[in-house]
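Chemist: Sharing a sequence plus its predicted fold:
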Amino acid sequence: MHYLEPLFNPKNIAIIGASHHEGKIGHTVVKNIVDSGYKGRIYPVNPKGGEILGNKVYKNISEIEEDVDLSIIVVPARITVDVIDEVAKKSKFIIVITSGFSEVGNIEGEKKLIENAKKYGARVLGPNVFGIYSAKPPVNATFGPSKIKRGNVAVISQSGALGIAMIGKASEENMGLSAIVSIGNKADLTEAEILSYLFNDNLTKVVFLYIEGLENGREFLEIVRNKPSNKSIIVLKAGRSKAGAKAVASHTGSLAGSDIVFDSALRQVGILRADTLEDGLNWVASVALSPPPKGKNVVIVTNGGGLGVIAADACEKYGLKLFDDMKILKKTFEDVMPEFGSYKNPVDITGQAGGKEYRMALEKAFNEPNIHSILALYCDRGDAQMEEIKKALIEVSKKYSNKPALYTIFGGEGASSIIQALKREGIPAFSDVEDAVSSLYALYKVNERKEEGKLEKIEMKEDKISEIIERARKEGRRKLLSNEAKEILKQAGIDVPEFFVARNIEEAIKLANKIGYPVAMKVLSEDIIHKTDVGGVILNIENDKEVADAYEAIIESCKRNVPKAVIKGVEITKMLEKGLETIIGATNDASFGKVVMFGLGGIYVEVMKDVSFRVAPVPKKEIRRMLREIESYPLLTGIRGEKSKDLDSLVDTIYRIGILVTKFDEIIELDINPLILYEKGAKVADARMVIEVKK
Ligand code: ACO
């Protein structure tokens, strides 16, 4: 039994703040519980005693003779903090509907609430939630709408108002719910734990998750990685745009993690993210109502050429494969095809087709095993055929459940009435063909979980890496010098060309000769971040004289531009041959912890922000997917007859970075910029690292 079972399937419920007054939240909650047909024991609690809706009211929770699975608190915030101890003593789970905690800055109150509940081993949902509906008992312990249709969609919502609106929307769409959980401030129970329950719940087929921020990203990813194959999840996360992110921060008191990282992390574990509420709801309804497609072949059946072309364009945009075996298409549809029709997908049975022909065409598509999913489009002809079409669509889609079929009816009142009728029957129907195609895309993508691959064992000189980090830490230095960063990378098995530090001109000349010309020279100072901007870098140095001049020029220019900088010397390295400049980074994300980043250098990263992220450590198979995600990927594989760059070396370097920052938690920022990529090999030209210095 899942540990959250008493929350979703409680044997009894206490309502603290149950009100005698109709219309008050404390009354509505009791009424919804009663009206939902809950079979367990109901214990309203209110110091006034008496009776509410036929249930004896207890003056204090301690008077209840048995332990309580679920207590729901609906008294104001200050009373909540006063009663939490006595409620927690008696209860396994507590839902705190009350607002007035961290979302309005009352962080202390919220902290106290959770600490006190935890003292007695009680877990808290909320505060600042509208409650929970669970189809299993059934129980509607919310102050939202009283009638909720039972079904296979579970909703987890961080926004209360949106969650309540979802109940109404689900009912309008005729979408049944298995559970709806408001998670509010997530002070204790999180979406990850709720998800783990729903993935084990036999009523739930698809989970729709609305979140604004995610604090425990790794736990969340782990639960999704272990999702049973017969469960689906669709996420809508607000805060994608900068303005959105600001609104989120001031909304439920939640900190939105960086959106691009969130997006990449979802991709890493194969979660489908909707951009809009409309897409999210369409997708959820389609996944809930349709069988999964068994193959890639999509067929469009239409009575209108134009609508068919729009659908075909949308299929291309969403990467759906239109079935194009003309022999099979002809054989399938020849009995229903009028003279001017077209077998070429989109299969156009023309405006001549009435209800009878359309029904036949659909049945043929359902019966052809090489067709795996159907987009059925019908243009309202504004005639008496509409009733017949309605009947045909409902009967055919009820008869066949072997493949998904999504319906678009385009036109006036007649079309709307068919769509409503189809929805009432639990058939996915749309007025906009793009919505139907995007929902079909969701059906294909929602369970397309790609294996991330396994982590391989690699050698790293961990002692030497620790030594460098410890030395900097002892000196209280967060930013490592570039020679230290490079040394760490070298010890991690990454290809770093020879480098030395010179502290005077003579030494510089000696070292340059040791390396062999041409060389590059760079200032060494933790106070100078953008070395090139202050004249701290000179490249292509060919001889001893140029070394001497460069040394003097670098020191003079850096001292002039950054007078306070402590200059530790000048780093001398072999001048690297031209190659493709890439950038590899790692950082500490607020939601997901260590993440690695990859992109091409220069304008690709700075202007186009063409980068991809993954949560570290990243198996090599997943790194290859990460590379393919960037727009400039063709530059890696070679354009206009060029040979491909050495992707194995690139993958290996990113892999080592992922392992390095995971093993050495104290490395909180890392940049290899650039990593120069060749047809053979990848070499570090420059590196930066920031470590956490213990207080
Ligand atoms: N134990 C039990 N009951 C008590 C106690 C106690 N110690 N003390 C008082 N009560 C009773 C009151 O007498 C009252 O009952 P009555 O109506 O029979 O007299 C009942 O508890 C409620 O107390 P009130 O002081 O009347 O509180 P009120 O109902 O006005 O507000 C509420 C309480 C609803 C929790 C409010 O403080 C609140 O937080 N509202 C916002 C809720 C919300 O929106 N949550 C987020 C949802 S998500 C979204 O955005 C939609």
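Modeler: Good, I have the coordinates. Just so you know, these numbers come straight off a predicted model, no measurement behind them.
Chemist: drop to CA atoms for contacts and neighbour counts, all remaining ones
Modeler: Noted.
Chemist: OK, contacts around whichever residue of the stretch 151-300 of the chain sits closest to the ligand?
Modeler: Proximity of the stretch 151-300 of the chain to the ligand (C-alpha to the nearest ligand atom) peaks at residue 160, 3.3 Å away. By C-alpha atoms under 8 Å, 6 or more residues apart in numbering, the contact set of residue 160 is 128-130, 182-184.
Chemist: cool, residue 561 as well?
Modeler: With the criterion set at C-alpha under 8 Å, 6+ apart, residue 561 makes contact with residue 534.
Chemist: Quick check, central residue of this structure?
Modeler: residue 266 (3.6 Å; C-alpha atoms, centre = their mean).
Chemist: Pull out the buried residues from the helix or strand hosting that residue.
Modeler: Residue 266 belongs to helix 259-268 when assigned by DSSP states H and E. For helix 259-268, the neighbour count (16 or more other C-alpha atoms under 10 Å) marks 259, 261-268 as buried.
Chemist: likewise stretch 370-388?
Modeler: Buried-residue list, stretch 370-388, by 16+ other C-alpha under 10 Å: 370-381, 386.
Chemist: Likewise for stretch 331-344?
Modeler: 332-333, 336-338, 341-344.
Chemist: Over to it now: how far is its first residue from its last?
Modeler: End-to-end distance for stretch 331-344: 12 Å, by C-alpha to C-alpha, to the nearest Å.
Chemist: And it, how far out from the chain middle?
Modeler: Remark: stretch 331-344 is offset 43 Å from the chain centroid, using C-alpha atoms, centre = their mean, to the nearest Å.
Chemist: Might you specify the subset of the contacts of residue 160 located within strands?
Modeler: Secondary structure from DSSP state E places residue 182 of the contacts of residue 160 in strands.
Chemist: ok, and the most crowded of the contacts of residue 160?
Modeler: residue 183 (32 neighbours; other C-alpha atoms under 10 Å).
Chemist: List the single closest residue to that residue in space, sequence neighbours excluded.
Modeler: Excluding the flanking residues, the one nearest residue 183 by C-alpha to C-alpha, 6 or more residues apart in numbering is residue 158, at 5.1 Å.
Chemist: gap between the one you found and residue 112?
Modeler: 21 Å.
Chemist: which one of these two has more residues nearby?
Modeler: More crowded of residue 158 and residue 112, by other C-alpha under 10 Å: residue 158, with 27 against 13.
Chemist: Local confidence estimate at the more buried one?
Modeler: At residue 158, the model reports a pLDDT of 92.
Chemist: How about residue 640?
Modeler: 82.
Chemist: that older thread, using TSV, please lay out the buried residues of helix 259-268 together with pLDDT.
Modeler: Shown next, in TSV, are these (pLDDT from 0 to 100):
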residue	pLDDT
259	81
261	87
262	89
263	89
264	90
265	92
266	92
267	90
268	91
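Chemist: State the distance from residue 25 to residue 15.
Modeler: 11 Å.
Chemist: which one of these two has more residues nearby?
Modeler: For residue 25 versus residue 15, the count of surrounding residues by other C-alpha under 10 Å is larger for residue 15: 27 against 21.
Chemist: which other residues reach the helix or strand harbouring that one?
Modeler: Element membership for residue 15, per DSSP H and E: strand 12-16. Residues outside strand 12-16 that contact it (C-alpha under 8 Å, 6+ apart): 26, 29-30, 40-46, 61, 68-75.
Chemist: Please apply the same query to stretch 355-372.
Modeler: For stretch 355-372, the external contacting residues (C-alpha under 8 Å, 6+ apart) are 293-299, 301, 303, 323, 332-333, 336, 349, 374, 376, 385-386, 388-389, 392-393, 396, 400, 402-404.
Chemist: count of residues packed around residue 359?
Modeler: 22.
Chemist: check which helix or strand covers it.
Modeler: Per DSSP H and E: helix 355-367 holds residue 359.
Chemist: Same question for that helix: list its buried residues.
Modeler: Those would be 355, 357-366, for helix 355-367 by 16+ other C-alpha under 10 Å.
Chemist: how far is it from where the chain is centred?
Modeler: With C-alpha atoms, centre = their mean, you get 39 Å for helix 355-367.
Chemist: Check which element follows it along the chain.
Modeler: Next along from helix 355-367, by DSSP H and E: strand 373-379.
Chemist: what's the angle from that next one to helix 355-367?
Modeler: On the basis of axes from the mean of the first three to the mean of the last three C-alpha atoms, to 10 degrees, strand 373-379 is oriented at 170 degrees to helix 355-367.
Chemist: Averaging pLDDT per element, find the lowest-scoring helix or strand in this structure.
Modeler: helix 242-249 (a mean of 48; mean pLDDT, DSSP states H and E).
Chemist: just checking, residue 531 touches residue 538?
Modeler: No: when contacts are counted by C-alpha atoms under 8 Å, residue 531 is not listed as touching residue 538 (9.9 Å).
Chemist: Looking at these two, which is more packed in?
Modeler: residue 538 (20 against 17).
Chemist: Now residue 286, what are its backbone angles?
Modeler: phi -70, psi -40 (degrees, to the nearest 10).
Chemist: what do residue 25 and residue 15 both touch?
Modeler: Residues touching both residue 25 and residue 15 (C-alpha under 8 Å, 6+ apart): residue 74.
Chemist: Look at residue 439 and give its secondary structure.
Modeler: Here residue 439 is recorded as helix under DSSP: H, G, I helix; E, B strand; the rest coil.
Chemist: change the start of the numbering to 635 and stick with it
Modeler: Shifting the count to begin at 635 puts that one at residue 1073.
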